[in-house]
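> The following block contains a protein sequence and its predicted model.
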Amino acid sequence: MKNGKILVVGGAGYIGSHVVMELIKHGWDVVILDNFSTGNIRLVHPDACLVKGTLDDVNLLDQLFAEHKFSAVMHFAAFSQVAESVREPLRYYRNNISGTINLLEAMIRHSILYFIFSSTAAVYGDPECIPILETHPCRPSNPYGRTKLMIEHLLSDCDAAHGFRYMTLRYFNAAGADESGTIGEMHNPETHLIPIVLEAAAGLREHVYLYGTDYSTPDGTCIRDYIHVSDLAGAHLLALKTLLNNGKSNIYNVGNETGYSVKEVIEKAEEIVGKRIPVIETNRRPGDPATLIASSEKIRMELGWTPSYGSLDAMILTAWNWLAQSNRSNNAKSYQKRQA
Ligand code: UDP
């Protein structure tokens, strides 16, 4: 039996495509709105209805909301590279904030009042204490984080003014790929650690630059809380269900409460792929805090979220599997044959 219909804005992106997969698996109809600025047609689920377009196109939004009766909207469409946001802040503010305002206005015009928003650990900035609770002060240290925090404020104002209800999920470091190997991370350029490490392992790049070995962490490299993208997708389904049941707005961290250093990630990848990965140690990347680890107690207790792929092994293995299946790497493919 079908549940209803969800509009997924940015459903052709890395996280959006995994959420679409999960929604369809659980009986939801999905309409994807994506402008393919960073999304990829290979990540679009075959059973979703695809609309190519941007959030600038207010007429298109009105048409969409007039044509479909959506139960809720999920919003993943944003620029998300920290360094780029420092170089081009206005492009980030325009895209991330104006686009969201157009979307929210259209929703309110058409009386669609349930919204799931993809936010980020970057709203916290440099943490005062670890693990980071949702009540930790939000002092983002770059324009990207500020755009997300501004939208969080905007949502809370819409809640007060229009009876609009939202769930905000603050992601820590999304990693891995769907177990099927049919969708996964595909950024251009790639800036995230795990895909870069695996591309180096597969011979698709010469080496990995390790940004900073003088942080105040046990091995001197940054520590992050990696969360499997399918577990992240599961959190969206729970947030949706809860929102539609009790209709209260809320904010949740989504992380594993476990930190791995950059060196630990590289070592684990070497163990999994069975070869040395060339690394060049270099300067710190501007804006990288030493350690980011979530408290995910709130989402566990209130939504009953439990990760199924909490280990770093699972994240690296599924990402490696995706690299092989996406036909970009013969090395990854031959590794898989050896394992079979
Ligand atoms: N990192 C690195 N080399 C890379 C990419 C990332 O050393 O090629 C480091 C980065 O400085 C950070 C960690 O890996 O300490 C995670 O970075 P990523 O970009 O994956 O996620 P972020 O935490 O910035 O969202």
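Good, I have the coordinates. Residues are numbered from 1 along each chain as shown.
> mind checking the longest helix of the protein?
Using DSSP state H, we find that the single longest helix of the chain is helix 143-162.
> near the ligand, anything from that helix?
No. Shown here: helix 143-162 not in contact with the ligand (Cβ under 6 Å from any ligand atom), separated by at least 9.4 Å. In this view, the C-beta of every residue, glycine as well, is placed from N, C-alpha and C.
> which secondary structure elements does that helix contact?
Applying 3 or more Cβ pairs under 8 Å, 6 or more residues apart in numbering; DSSP states H and E, one finds that helix 143-162 contacts helix 82-87, helix 89-92, helix 99-109, strand 114-120, strand 165-171.
> Put the alpha carbons of that helix into CSV.
What follows is helix 143-162, C-alpha atoms only, in CSV (Å, rounded to 0.1, in the frame of the first residue of the first chain):
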residue,chain,number,x,y,z
PRO,A,143,29.6,30.9,5.0
TYR,A,144,28.4,27.3,4.2
GLY,A,145,27.6,26.7,7.9
ARG,A,146,26.0,30.1,8.2
THR,A,147,23.7,29.5,5.3
LYS,A,148,22.4,26.4,7.0
LEU,A,149,22.0,28.1,10.4
MET,A,150,20.1,31.0,8.8
ILE,A,151,17.7,28.5,7.3
GLU,A,152,17.3,26.8,10.7
HIS,A,153,16.2,30.2,12.0
LEU,A,154,14.0,30.8,9.1
LEU,A,155,12.2,27.5,9.7
SER,A,156,11.6,28.3,13.3
ASP,A,157,10.1,31.7,12.4
CYS,A,158,7.8,30.0,9.8
ASP,A,159,6.7,27.5,12.5
ALA,A,160,5.7,30.4,14.7
ALA,A,161,4.0,32.4,12.0
HIS,A,162,2.4,29.8,9.7
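> Could you give me the buried positions within it?
In terms of neighbour count (16 or more other Cβ atoms under 10 Å), helix 143-162 has its buried residues at 143-152, 154-155, 158-159.
> Taking the chain, what residue is nearest to the ligand?
Nearest to the ligand, among the residues of the chain, is C222, at 3.0 Å (Cβ to the nearest ligand atom).
> returning to that earlier point: and the contacts of the longest helix of the chain?
Contacting residues not belonging to helix 143-162 are listed as 78-82, 84-86, 89, 92-93, 96-97, 100-101, 104, 108, 113, 115, 117, 119-120, 122-125, 138, 140, 164-166, 168, 249, 251 [Cβ atoms under 8 Å, 6 or more residues apart in numbering].
> Distance from the chain centre to it, please.
Per Cα atoms, centre = their mean, to the nearest Å, the displacement of helix 143-162 from the mean C-alpha position of its chain is 18 Å.
> any idea of the angle it forms with helix 99-109?
If you take axes from the mean of the first three to the mean of the last three Cα atoms, to 10 degrees, helix 143-162 sits at 20 degrees to helix 99-109.
> orientation of helix 143-162 relative to strand 165-171 in degrees?
On the basis of the same axes, to 10 degrees, helix 143-162 is oriented at 160 degrees to strand 165-171.
> so which strand or helix has E257?
Counting by DSSP states H and E, no helix or strand carries E257.
> ok, back up a step: quick one, phi/psi of the residue of the chain closest to the ligand?
Main-chain torsions, C222, degrees, to the nearest 10: phi -60, psi 140.
> Turn the helices and strands packed on helix 143-162 into JSON lines, including mean pLDDT, mean neighbour count and distance to the ligand.
What follows is these, written out as JSON lines (pLDDT from 0 to 100; neighbours: other Cβ atoms under 10 Å; distance: least, Cβ to the nearest ligand atom, whole Å):
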{"stretch": "helix 82-87", "mean pLDDT": "90", "mean neighbour count": "16", "distance to the ligand": "6"}
{"stretch": "helix 89-92", "mean pLDDT": "97", "mean neighbour count": "15", "distance to the ligand": "15"}
{"stretch": "helix 99-109", "mean pLDDT": "98", "mean neighbour count": "19", "distance to the ligand": "20"}
{"stretch": "strand 114-120", "mean pLDDT": "98", "mean neighbour count": "23", "distance to the ligand": "8"}
{"stretch": "strand 165-171", "mean pLDDT": "98", "mean neighbour count": "23", "distance to the ligand": "9"}
